[in-house]
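Visitor: My questions concern the predicted model and sequence given below.
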Amino acid sequence: MTPVQGRPGSAVSVAVLGAGSWGTTFAKILADAATASGVERRIRLWGRRAEVVEQINLHHRNPQYLADVELPPSITASTDVAEVLTGADLVVLAVPAQSLRLQLRDWKPLLEPDALVVSLMKGLELNTDARMSEVICEELDIPASRIAVVSGPNLAMEIAREEPTASVVACPNSAVAGWIARSCTAPYFRPYTTTDIVGVEIGGIVKNVIALAVGICEGKQMGDNTKASVITRGLAETSRLALALGGSAQTMAGLAGLGDLVATCSSPLSRNHTAGRLLGQGLTLDEVAEKMTQTAEGIKSGQAVHELAGKLGVEMPITAAVVAVLAGKLSVDQLGPLLLARELKSEGDY
């Protein structure tokens, strides 16, 4: 029996844990998808801050993260995670990657026994080098077939404004991936499906580190040739790591690989691109944190990516250079010459 047998065609009751920009936007996608398909769906959003929850419930807005975007009335919010999780057949996780494990330990008893879980997070856990789907599997003690990942060129503000976007739903169980895709197919949001959860997650993780590098280049007023070179070779690094872990080269050429990388490295809406640009302008990490309202996951995950690459014997010179900058071992002025530091070889030789 597959985890979707006995369920309706798409989610009926959804819990979204995390009221930041992407969590709130994905709640909106789920609400708009239900409206478009004529499905009744209850969507509850958990947020840590009472003022954010109040704004969502009273004014249908999350002004701290999504400015003047109006949210559908089917979305309600609460600071009570037990209330949010009660009865949810789909649980969406949109919290900072490094806090996930401890939060799941508190949330595990509150989940419905047969709930499916979706990760919107793009990070690698420090010290364990675990992908978010692995952390979810371990802490919730559920099979991988009940866990999916949504990734792709998903800049939250653009999607919240209903600008057309394609994405990928990855799950080892293709039926579950399809069920989740149907649940989040909105007029402006088109999900594809894949069973390559490793490739999709690695694409979403490493692109944050590469976006830091591109942002630093921009902050140092380097040109488009430099940035295009770093993006392209960054994709090669990402592909080497994904393939070493069992991911697919096809995934790296798709929305969760190339698509996400280009969007994150190019857009001023990207947190990691912004953080890199500020570092390139001479700000310290503490000063960058003060200026930004949300987490730039590449700053946290860079070291974990670097360590994982070392364990697998995968060459990732751009990642290594960024990690050295973040650790204070390399200045942003020294970064440029190292970004493409690799022995001469054929471009196609990964």
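Guide: Yes, it's here. Numbering: from 1, shown residues only.

Visitor: need the helices for the stretch 101-250 of the chain, in chain order.
Guide: 132-140, 156-160, 174-183, 197-219, 224-244, 249-252 (DSSP state H, counting those that start in this stretch).

Visitor: got a list of what V92 touches?
Guide: V14, A15, V16, L17, G18, G23, F26, A27, L30, V117, V118, L120 (Cβ atoms under 8 Å, 6 or more residues apart in numbering). C-beta: built from backbone N, CA, C; applies to glycine.

Visitor: Repeat that for W22.
Guide: Counted by Cβ under 8 Å, 6+ apart, W22 has contacts A94, L120, N154, A156.

Visitor: about what we covered before: among the contacts of V92, which ones are in strands?
Guide: V14, A15, V16, L17, V117, V118 (DSSP state E).

Visitor: which one of those is nearest S133?
Guide: V117 (8.8 Å; Cβ to Cβ).

Visitor: Is that closest one bridged to anything, and to what?
Guide: V91, I147 (DSSP bridges).

Visitor: So C171 is in contact with P143, correct?
Guide: No. Counting by Cβ atoms under 8 Å, C171 sits too far from P143 to count as a contact (10.8 Å).

Visitor: quick revisit: drop anything exposed from the contacts of W22.
Guide: A94, L120, N154, A156 (16 or more other Cβ atoms under 10 Å).

Visitor: Spatially, which two of the contacts of W22 are the most separated?
Guide: A94 and N154, at 11.0 Å, using Cβ to Cβ across the contacts of W22.

Visitor: circling back to that earlier point, closest to L308 among the buried ones among the contacts of W22?
Guide: The closest of the buried ones among the contacts of W22, once distances to L308 are taken by Cβ to Cβ, is L120, at 21.2 Å.

Visitor: who's in contact with the closest residue to that closest one other than its chain neighbours?
Guide: Nearest residue to L120, sequence neighbours excluded (Cβ to Cβ, 6 or more residues apart in numbering): A94, at 4.3 Å. Contact partners of A94, counting by Cβ under 8 Å, 6+ apart, are V16, L17, G18, G20, W22, G23, F26, L120, M121.

Visitor: How about the contacts made by the last one?
Guide: Which is M121. Contacts of M121 (Cβ under 8 Å, 6+ apart): L93, A94, V95, P96, A97, L100, M132, E297.

Visitor: Restricted to helices, list the residues you listed.
Guide: Secondary structure from DSSP state H places L100, M132, E297 of the contacts of M121 in helices.

Visitor: Of these, which is the nearest to E287?
Guide: Of the ones in helices among the contacts of M121, the one sitting nearest to E287 (Cβ to Cβ) turns out to be E297, at 18.5 Å.

Visitor: So what's the residue count around the closest one?
Guide: E297 has 25 neighbouring residues, counting by other Cβ atoms under 10 Å.

Visitor: In which helix or strand does A324 reside?
Guide: Taking DSSP states H and E as the criterion, A324 maps to helix 317-326.

Visitor: could you give the angle of the helix or strand that comes right after that helix to helix 224-244?
Guide: Next along the chain after helix 317-326, taking DSSP H and E as the criterion, comes helix 332-339. Angle between the axes of helix 332-339 and helix 224-244 is 60 degrees (criterion: axes from the mean of the first three to the mean of the last three Cα atoms, to 10 degrees).

Visitor: Tell me which other helices or strands helix 332-339 touches.
Guide: Contacts defined by 3 or more Cβ pairs under 8 Å, 6 or more residues apart in numbering; DSSP states H and E place helix 332-339 against helix 197-219, helix 224-244, helix 317-326.

Visitor: List the buried residues for the second one?
Guide: This points to helix 224-244. 226-227, 229-231, 233-244.

Visitor: hmm, who's touching that helix?
Guide: 198-199, 202-203, 206-207, 209-210, 213-214, 217-218, 248-249, 251-252, 257-258, 261-262, 265-266, 305, 308-309, 312-319, 336, 339-340, 342, 350.

Visitor: hmm, back to that, now, which of the contacts of V92 sits nearest R105?
Guide: Of the contacts of V92, the one sitting nearest to R105 (Cβ to Cβ) turns out to be L17, at 13.5 Å.

Visitor: Pull up the gap between the closest residue to the closest one other than its chain neighbours and A82, please.
Guide: Take L17 and drop its neighbours on the chain: the residue closest to it by Cβ to Cβ, 6+ apart is W46, 4.7 Å away. For W46, the distance to A82 equals 10 Å [Cβ to Cβ, to the nearest Å].

Visitor: Of those two, which one has the most company?
Guide: Ranked by neighbour count (other Cβ under 10 Å), W46 and A82 place W46 first, with 24 against 12.

Visitor: is it true that that one touches G20?
Guide: No. In terms of Cβ under 8 Å, W46 does not count as a neighbour of G20; the distance is 11.1 Å.

Visitor: sorry, back to before: redo the buried ones among the contacts of W22 as CSV? Include distance to N272 and pLDDT.
Guide: Shown next, in CSV, are the buried ones among the contacts of W22 (distance: Cβ to Cβ, whole Å; pLDDT from 0 to 100):
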residue, distance to N272, pLDDT
A94, 16, 97
L120, 15, 97
N154, 13, 93
A156, 13, 95
